[in-house]
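# Sharing a model prediction with you, sequence too.
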Amino acid sequence: MHDEGEQLAALSAALGHEFRDLGLLRDAMTHKSLAHERPRLAPRDNERLEFLGDSIVGLIASTVLYERFPDAPEGELTRRRADLVCEAGLTAIAQGLRLGAALRLGRGEESSGGRNKSRLLSSAVEACLAAVYLDGGLEAAMTVGRHLLSPHLDDDRPGASDYKSRVQEMVQGQARRTPVYRVVATEGPDHDRRFTVEIIVGDETLGRGVGRSKTEAEQAAAAEAIEHLVDDEAAP
């Protein structure tokens, strides 16, 4: 097995950015489970970097889509961006980088398969781009972001995986109402949490979904709601 330094060097090469401060990348790979278990080894986790990276990823995605699709209306660009920066989209990028191998996890997360969890992988991609931004500035972050996002830009069905946007369009078109998402259950320990969410329109529950994050559960609930709405439209 490669040691931590080799894993970080491999990830740095995959990102295409040579870090002046490799500690930023190390922090981006550090899950809070390790910081809690071994604070001297991991004095910082990646949550602050994830917070910053969320905005940076959104900016990069908006920029590259604006440039790639000069004739696309705002709605299409919004749906394409949602596909790029959703948990599934960022997880695909993480898998391409083999990012999971470089994650620094506590024993609980390690034993529960944390290196393959979408929530951890997608968050780490955001943290990585924040680390690049802090290390090399916006131009460096844009360069890395273009490299990561470009292979995923040409989905010819924008919004196909953004079920929340699709169900909102369907509901507002039919009833001119806005769907409401409600968390009805939260189960499991912090390192393996499961959320159950219902989507409600008026007095009717259209779907229910389960996920490792609220966003993932909402998307699952919206996907079930779409099936419900399509069946209603098809009914005589």
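Received, thanks.
# Now Gln219. Nearest residue, chain neighbours left out?
Computed as C-beta to C-beta, 6 or more residues apart in numbering, the closest residue to Gln219 that is not its neighbour in sequence is Tyr163, at 5.1 Å. C-beta coordinates here come from the backbone N, C-alpha and C atoms, glycine included.
# Which strands or helices does the lowest-mean-pLDDT helix or strand in the chain pack on?
None of the helices or strands of the chain scores lower by mean pLDDT, DSSP states H and E than helix 163-175, at a mean of 73. Secondary-structure packing of helix 163-175 (3 or more C-beta pairs under 8 Å, 6 or more residues apart in numbering; DSSP states H and E): helix 74-85, strand 194-201, helix 214-234.
# Mind listing what's buried along the longest one?
Residues 215-226, 229 are the ones in helix 214-234 that count as buried (16 or more other C-beta atoms under 10 Å).
# Make TSV from these and add pLDDT and distance to Asp27 to it.
Below are these laid out as TSV (pLDDT from 0 to 100; distance: C-beta to C-beta, whole Å):
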residue	pLDDT	distance to Asp27
Thr215	82	23
Glu216	82	25
Ala217	87	28
Glu218	90	29
Gln219	84	29
Ala220	86	31
Ala221	90	34
Ala222	88	34
Ala223	82	35
Glu224	86	38
Ala225	87	39
Ile226	81	39
Leu229	76	44
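# Output those in CSV; the columns should cover distance to Ala102.
Shown next, in CSV, are those (distance: C-beta to C-beta, whole Å):
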residue, distance to Ala102
Thr215, 24
Glu216, 23
Ala217, 27
Glu218, 29
Gln219, 27
Ala220, 28
Ala221, 33
Ala222, 32
Ala223, 31
Glu224, 35
Ala225, 37
Ile226, 36
Leu229, 42
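# Could you chop the chain up by domain?
Domain assignment for the chain by automatic domain parsing gives 4-152, 163-234.
# Centroid-nearest residue for the chain?
When C-alpha atoms, centre = their mean is applied to the chain, the residue found nearest the centroid is Glu87 (2.7 Å).
# remind me which residues of the chain are low pLDDT?
Where the chain drops to pLDDT under 70, the residues are 1-2, 155-162, 173-176, 230-236.
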